[in-house]
Every structure is written in structure tokens, then in C-alpha cells.
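[1] Fold the stuff below for me.
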Amino acid sequence: MTGYIVKRLISAVPVLLGISVIVFLIMAMIPGDPATAILGSYATPENVEKLNRDLGLDKPLVQRYFIWLGNMLQGDFGRSFSLNRAVLDEVLERFNATLLLAGTSFVICSILGVAAGVVSAARQYGLADKAITFAVLLGISIPSFFLGMMMILIFAVNLRWFPVSGMWPIYGARDLSALISHLTLPAIALAVVATGVIARLSRSAMLEVLRQDFIRTARAKGVHERSVIWRHGLRAAMVSIIPVLGIQAGFVLSGAVYIEMVFQWPGVGRMLVDAILKRDILLVQGGVVFVAACYVLFNIAVDVAQSLLDPRIKA
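    Down below sits the predicted model:
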């Protein structure tokens, strides 16, 4: 197992390097002079030249990339000019909020999606199967940002069951109940589409497993149907479901960007949008690379979990 993990970590290195190159080139190809955009009304030729020199923008593109990459490998992601603080400190602080939102959404969509898929497969062509299929198709068809706005309108503005936006109340105690009330709407809005995808693919995986010989053997031996489905069938189907969960984790993490904007959640997604608008190059590059690294590491953990269920994968 240790060798397998080391092999997966080594294979992640070119992926992260490729991401760093793509992010760097995209930010470098944005039209306009970053120094002029940063300085605004103070963009005199002397100030622009000085800022370009301070940011290293006066150097060749390839040299700038390797300087940035070398500093990043040493833990120095640079300094955000718009926030006047280290990029890594800002990313880590914002990532806590994003991790809370994305983690909660991932738990919701994983539990509900797998459970809905199993029930739908166990009741194939029945009323439960048709109801779940309809709900899944409806959930997949609604964009998360639109669903979020409708949830704000209905549950926050009209019914006033939940707060409109933010992570904490402006006034009052910042306790667990306040956090849960602010987290509920964005977490559900972010989880709906992923729940539908997981449910559909879990249903397909379960239907394939339920046709296997060992399931028929278990039923022939008189094993209770609930044990056949949830104990034997689901365990075998998880080999196919776990990779789907890994893919949807990436969807949830990337989808947090627009959900954070809709609900004004103080996470990495909102930080990146603000940084792009302010042309804060180092903050955008550092934030994207950090999130990509977290996603790659999570996928390695998913692969390890899948190999524990099916040792043939390591071969």
C-alpha cells in the first residue's frame, strides 16, 4: 500500500506543474497592463515602472514563471498588494470557510445520493424509483446559483427562516446555532446537483451488483433482503461509487465559487473573484494552485480507499 501511495503522489507532480503553468499563462495573457490597473489614477510612468519592477513584471515571461515557482516551492506564495498581506495566510484563512461549506455539501450529497441510488435500485420500476428519478432529474437540471437565489428569496426573504447571506450574524453571538443557520442554504444549494449525479450512478452500480451470482446465493440462503441490499450489495457497489464521489468532490469545490458569491460566503471562491477584478495576480495564482493541490490530494485519498475495497486496483 505504501508503494501505491508513493506512486500516486509522484504521478500528481506533473498534474500540479501543468496547473501552475496554465494559471500563470492565463494571468499573463489578460489584456492590459496589470501595473496600470493596480495604480488606477496614480498610474504615472514612474509609478508604473516602479510597480512593474517590484512585481517582477519587467522580466521575461519564462523567468517570471520559474521565479514564482521556486518561491512557491519554498512556501512563499508572494504578497497580495490589494490586501497587503501574505498570499498563503489569506488563502489558508479563506480556505477554512470554503472547506466548511464544501465539506458539509459533500457529506450531504454523498449520504443522500448513495441512499437514494440504493433505494431506487432496490425498488426498480416501482413508485419509489420513479419518484427518486424525477427528483434527481429535476435537481440536475437546475443551476446551483439559480437555486441559491430562489432559496434566498423563499426561505430567507419571504419566510425568514434563514439569514440572507454571510457566515456569521452582524450582531449577536457567533455560536454553533448561528453558524448552522447561515450554512444551511448555501450547503444545500451546492449539494443538489452532486446529489443527483451520485444517485443516478449509484443506482446503476447497485443494479449491476444485484444481478451478480453472490446476491442470488445470499437470497437463496434466506438472508434478509435488507442485509442483502445494504450489507452485501452496497459494499460491492462502493468500488464503483467511490470514484464518482471523488469526481463530485471536485465539482463541489469548484461550485463553491459561485455559491460563495451568491451567499456572500467569505471563502476562497469569493476571494478569487475579488482578486481577479483587482488584478491581484499573485493572490489568484496562489489561490488556484492551493485549491488544485487539495483536490489532487483528495483524489489520491479516494484512490487509496478504492484500492482497500478492491486490491486488484493496485496491480
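
[2] What are the buried residues along stretch 49-69?
    Leu51, Asn52, Leu55, Leu57, Arg64, Tyr65, Trp68, Leu69 (16 or more other CB atoms under 10 Å). From N, CA and C alone the C-beta is placed, and that goes for glycine too.

[3] want to throw those into a markdown table with pLDDT, secondary structure and distance to Gly233?
    Below are the buried residues of stretch 49-69 laid out as a markdown table (pLDDT from 0 to 100; DSSP: H, G, I helix; E, B strand; the rest coil; distance: CB to CB, whole Å):
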| residue | pLDDT | secondary structure | distance to Gly233 |
| --- | --- | --- | --- |
| Leu51 | 75 | helix | 62 |
| Asn52 | 76 | helix | 63 |
| Leu55 | 72 | helix | 58 |
| Leu57 | 73 | coil | 59 |
| Arg64 | 86 | helix | 55 |
| Tyr65 | 89 | helix | 51 |
| Trp68 | 86 | helix | 50 |
| Leu69 | 88 | helix | 48 |
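
[4] Turn these into JSON lines, columns for distance to Glu225.
    Formatted as JSON lines, these follow (distance: CB to CB, whole Å):
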{"residue": "Leu51", "distance to Glu225": "70"}
{"residue": "Asn52", "distance to Glu225": "71"}
{"residue": "Leu55", "distance to Glu225": "66"}
{"residue": "Leu57", "distance to Glu225": "67"}
{"residue": "Arg64", "distance to Glu225": "64"}
{"residue": "Tyr65", "distance to Glu225": "60"}
{"residue": "Trp68", "distance to Glu225": "59"}
{"residue": "Leu69", "distance to Glu225": "57"}
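
[5] and the two most separated of those?
    Greatest spatial distance among these (CB to CB): Leu51 and Leu69, at 21.8 Å.

[6] Contacts only, for Asp76.
    Leu88 (CB atoms under 8 Å, 6 or more residues apart in numbering).

[7] do the one 4 residues further on as well
    Residues near Ser80 by CB under 8 Å, 6+ apart: Ala86, Val87, Glu90, Ala275, Asp280, Leu282, Leu283.

[8] When you compare pLDDT across the residues you listed, which one is lowest?
    Ranked by pLDDT, the contacts of Ser80 bottom out at Asp280 (82).

[9] Give the buried subset of the contacts of Ser80 as a PyMOL selection command.
    Of these, the buried ones go into a single PyMOL selection, burial set by 16+ other CB under 10 Å:
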select buried, resi 86+87+90+275+280+282+283
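
[10] in the stretch 1-150 of the chain, which spans are helices?
    Along the stretch 1-150 of the chain, counting by DSSP state H, counting those that start in this stretch, helices occupy 2-28, 34-39, 45-55, 61-73, 87-122, 127-141, 144-151.

[11] Select, out of those, the one closest to Gly250.
    Per CB to CB, nearest to Gly250 of the helices of the stretch 1-150 of the chain: helix 87-122, 9.9 Å.

[12] Give the buried residues for the closest one.
    Applying a neighbour-count criterion of 16+ other CB under 10 Å, the buried positions in helix 87-122 are 87-88, 90-91, 94-95, 97-102, 104-106, 108-110, 112-122.

[13] do stretch 159-167 as well
    Phe162, Pro163, Met167.

[14] quick one: the first one and Leu185 touch, right?
    Yes: with contact defined as CB atoms under 8 Å, Phe162 counts as touching Leu185 (5.2 Å).

[15] Now for the two: what residues contact both?
    Common neighbours of Phe162 and Leu185 (CB under 8 Å, 6+ apart) are Phe155, Ala156.

[16] picking that back up, mind checking which of the contacts of Ser80 are in strands?
    Ala86 (DSSP state E).

[17] could you redo the contacts of Ser80 as JSON lines and give each row distance to Asp303?
    Formatted as JSON lines, the contacts of Ser80 follow (distance: CB to CB, whole Å):
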{"residue": "Ala86", "distance to Asp303": "32"}
{"residue": "Val87", "distance to Asp303": "29"}
{"residue": "Glu90", "distance to Asp303": "31"}
{"residue": "Ala275", "distance to Asp303": "32"}
{"residue": "Asp280", "distance to Asp303": "34"}
{"residue": "Leu282", "distance to Asp303": "32"}
{"residue": "Leu283", "distance to Asp303": "31"}
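
[18] Quick check: the farthest pair among the contacts of Ser80?
    Farthest pair in the contacts of Ser80, by CB to CB: Ala86 and Ala275, 13.9 Å.
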